[in-house]
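**Q** What follows is a protein structure lacking sequence information:
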């Protein structure tokens, strides 16, 4: 199941970045991104996706409680990380 993020309005971010005039205004950029996040959160579609994702995450959390790992530390996660990295390339 894939849960897509709401797109940030590129024009709003672009306008903000164009107005920076060389000095990064991270607080202003944070406001632009927070406003986009808040607007997306008010849409029913996003609320439904969040609820679906939360339910799936809770199912995985319950299943993970029963996992038994044969290895400890790096040896336990290295093969999976290597596989994920390889798929990403």
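**A** Perfect, I can see it now. Remember, predicted model here, so these are calculated numbers, not experimental data. Numbers count the residues shown, from 1 in each chain.

**Q** helices or strands up against the host helix or strand of residue 31?
**A** Using DSSP states H and E, residue 31 sits in helix 26-41. When contacts are defined as 3 or more CB pairs under 8 Å, 6 or more residues apart in numbering; DSSP states H and E, helix 26-41 sits against helix 10-18, helix 44-64. All C-beta spots, glycine's among them, are computed from the backbone N, C-alpha and C.

**Q** One more pass at 7 Å, please.
**A** On a contact count with 3 or more CB pairs under 7 Å, 6 or more residues apart in numbering; DSSP states H and E, helix 26-41 meets helix 10-18.

**Q** I'd like the mean pLDDT over the helix it packs on, please.
**A** Across helix 10-18, pLDDT averages out at 67.

**Q** Can you pull out the low-pLDDT segments for the protein?
**A** 1-24 (pLDDT under 70).

**Q** ok so, going back, what are the buried residues along the helix holding residue 31?
**A** Buried residues in helix 26-41, counted by 16 or more other CB atoms under 10 Å: 32, 36, 40.

**Q** now the angle from it to helix 44-64?
**A** Per axes from the mean of the first three to the mean of the last three CA atoms, to 10 degrees, the angle that helix 26-41 makes with helix 44-64 is 90 degrees.

**Q** ok now helix 26-41, how far from the chain's centre?
**A** Centre-to-centre, helix 26-41 and its host chain are 15 Å apart (CA atoms, centre = their mean, to the nearest Å).

**Q** And for stretch 71-79?
**A** Using CA atoms, centre = their mean, the offset of stretch 71-79 from its chain centre is 25 Å.

**Q** Run through who's touching it.
**A** residue 69 (CB atoms under 7 Å, 6 or more residues apart in numbering).

**Q** Show me what counts as buried in it.
**A** Under 16+ other CB under 10 Å, stretch 71-79 has no buried positions.

**Q** Tabulate the buried residues of helix 26-41 (JSON lines), appending distance to residue 60.
**A** Formatted as JSON lines, the buried residues of helix 26-41 follow (distance: CB to CB, whole Å):
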{"residue": "32", "distance to residue 60": "33"}
{"residue": "36", "distance to residue 60": "28"}
{"residue": "40", "distance to residue 60": "24"}
